[in-house]
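Novice: whatever this is, show me its structure:
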Amino acid sequence: MTQEEILSKVLRAGRRTYFFDVRATKAGDYYLTITESKKFTHDDGSYHFKKHKIYLYKEDFEDFKALLEETTNFIIDEKGNEVISERHQKDFKREDGEVTITPSENGSTESFTDIDFDDI
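Specialist: Reported below is the predicted structural model:
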């Protein structure tokens, strides 16, 4: 199958980049590929990208659009537009000025000590 590129749009979103590419088949029909590319950095400073791709064909556009709209509206209706995940970043400052400290990157809390203040 020939994958002639007709149109390409890019959405950069932090460590992720989304590519929306219109391509043509041998028969001359069009389809859409959506690619998520996420950058990962190694300890030595080098990096690599992981990519995930969705192929979307015209016969699925209406159903895909409808479900995308339904699910995104549900999320906004239930949780609003605020991005909650930013609160989990290291040293995130809340509106009241309090600093939130998260566990180490691997999710372990082994470096924390449980203290019972009644014992002090």
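
Novice: where does this structure have its least confident helix or strand?
Specialist: strand 99-100 (a mean of 48; mean pLDDT, DSSP states H and E).

Novice: you'd agree Leu11 is up against Phe20?
Specialist: Yes. Counting by CB atoms under 8 Å, Leu11 does reach Phe20; the two are 7.4 Å apart. For every residue, glycine as well, the C-beta is placed using N, CA and C.

Novice: those two: who's more crowded?
Specialist: Set Leu11 next to Phe20 and count neighbours by other CB atoms under 10 Å: Phe20 wins out with 14 against 11.

Novice: which helix or strand contains that one?
Specialist: Per DSSP states H and E: Phe20 is located in strand 16-24.

Novice: ok, that strand: who's next to it in the sheet?
Specialist: Sheet pairing of strand 16-24 (DSSP bridges) gives strand 4-13 (antiparallel), strand 30-41 (antiparallel).

Novice: could I get the buried residue list for it?
Specialist: 17, 21, 23 (16 or more other CB atoms under 10 Å).
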